[in-house]
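Novice: sequence first, predicted model second:
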Amino acid sequence: MRIAKTQLIFLVLFIIHYASANLITADFSQGTDGWNHGQGLWTIQTNANGLASNDPYLYMDPVGVAPRRGIIVWNDNSQWIGDYNTKGVTSIGFYARNASLSQPLYFRVAIGNTKSPQSGTWFVSDTLTYLDYDDGWQLINFNLNSNSMVLASSAMASGSPGTNSFSDVFSNVAALRIISQGSAFSAICEDHYGDAYIDSIALVPEPQTVGLIVFSSLLLIMLRGTHEAKTYVNPEKIKVSSSIIGDSFNKKTPFL
């Protein structure tokens with residue numbers, strides 16, 4: 001019985017870990033993530049590579065004028081787009097650092113059913129995350145749902161917003177963007193001068209709570225059965241410390 005209990009406890013911990021895992025993460029430790037001479041999964045326009053081999057994060061150095069206007073990075077790879085309903089996407093998280101010497105950043109995320117906001121329908125984060133200049137790394141998270149995102153205007157001059165609903169776009173995402181933009185109604189970046197870094201981008205799924213409930217119930221049943229058999233159980237030996245579960249969240253890359 002003691003062996004079975006121990007195995008069940010570790011099984012519950014495994015399920016908890018699985019339920020909190022991310023759909024996909026880019027930590028920029030691989031060339032295919034973003035620095036492969038501009039051909040990576042995360043694309044930028046501000047410099048040639050986006051990453052040096054000894055700098056494992058996405059690096060941007062906009063100068064405030066085209067084609068290096070501001071902070072913008074996008075992904076249209078099939079692993080990162082598609083039907084977010086089916087994939088169970090609920091949010092996107094990443095680390096960012098504003099290394100500018102004078103200008104703040106206003107981070108938002110945008111999703112659209114085309115690869116460019118010059119066409120199609122795009123939705124942008126209603127609220128922004130402010131990063132002061134010359135600041136350290138900050139953890140940023142944006143919920144992706146109809147309550148947290150608003151319809152963006154077309155990037156074309158005098159353009160009108162797209163005609164599709166949020167549900168239409170969310171089930172057919174063609175591109176995902178991280179931008180610095182003060183307006184909630186624009187899926188393009190605003191002008192910015194100064195370096196910026198992004199790391200550990202992750203799509204976060206909906207928690208899978210059913211498995212946790214089932215296995216927690218099994219654990220309680222087993223413990224009750226042990227008690228009814230009048231077998232002494234030292235509670236210290238079956239106590240599951242929250243530090244076992246939460247240790248990864250104290251690290252720099254909690255999405256991994």
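Specialist: The structure has been received and is ready for your questions. Quick caveat: nothing in here was measured; it's all calculated off a predicted structure. Residues are numbered from 1 along each chain as shown.
Novice: please count neighbours and contacts with C-alpha atoms only from this point.
Specialist: Will do.
Novice: can you give me the strands for the stretch 51-200 of the chain?
Specialist: With DSSP state E, counting those that start in this stretch applied, the stretch 51-200 of the chain shows strands at 58-60, 72-75, 89-98, 105-112, 122-125, 129-131, 138-143, 149-151, 175-180, 196-205, listed in chain order.
Novice: just say which of these is most tucked in.
Specialist: The highest mean neighbour count among the strands of the stretch 51-200 of the chain, using mean count of other Cα atoms under 10 Å, belongs to strand 122-125: a mean of 30.
Novice: other SSEs contacting that one?
Specialist: Other helices and strands packing on strand 122-125, by 3 or more Cα pairs under 8 Å, 6 or more residues apart in numbering; DSSP states H and E, are strand 105-112, strand 149-151.
Novice: can you give me the helices in the protein?
Specialist: Using DSSP state H, the helices of the chain run over 2-19, 84-87, 166-170, 209-228, 235-238, 242-246.
Novice: per the record, what domains does this structure have?
Specialist: Annotated domains of the chain cover 2-16+208-250, 23-205 [automatic domain parsing].
Novice: weakest of those domains by average pLDDT?
Specialist: Note on the domains of the chain: lowest mean pLDDT is at domain 2-16+208-250, with a mean of 50.
Novice: Phe170 against Tyr84, yeah?
Specialist: Yes: between Phe170 and Tyr84 there is a contact under Cα atoms under 8 Å: 5.6 Å.
Novice: picking that back up, of all the helices and strands packed on strand 122-125, which one is nearest Thr43?
Specialist: strand 105-112 (14.4 Å; Cα to Cα).
Novice: quickly note the distance from Ala99 to Phe28.
Specialist: Remark: distance between Ala99 and Phe28 (Cα to Cα, to the nearest Å) = 18 Å.
Novice: now swap in Thr129 and tell me
Specialist: Thr129 is 22 Å from Phe28, by Cα to Cα.
Novice: and if you look at Ala96?
Specialist: 13 Å.
Novice: between these two, which contacts overlap?
Specialist: Listed as contacting both Ala96 and Phe28 by Cα atoms under 8 Å, 6 or more residues apart in numbering are Asp199.
Novice: on that earlier part again, can I get the strands of the stretch 51-200 of the chain in JSON lines including distance to Asn164?
Specialist: JSON lines is the format used below for the strands of the stretch 51-200 of the chain (distance: least, Cα to Cα, whole Å):
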{"stretch": "strand 58-60", "distance to Asn164": "32"}
{"stretch": "strand 72-75", "distance to Asn164": "21"}
{"stretch": "strand 89-98", "distance to Asn164": "19"}
{"stretch": "strand 105-112", "distance to Asn164": "10"}
{"stretch": "strand 122-125", "distance to Asn164": "9"}
{"stretch": "strand 129-131", "distance to Asn164": "26"}
{"stretch": "strand 138-143", "distance to Asn164": "20"}
{"stretch": "strand 149-151", "distance to Asn164": "9"}
{"stretch": "strand 175-180", "distance to Asn164": "15"}
{"stretch": "strand 196-205", "distance to Asn164": "23"}
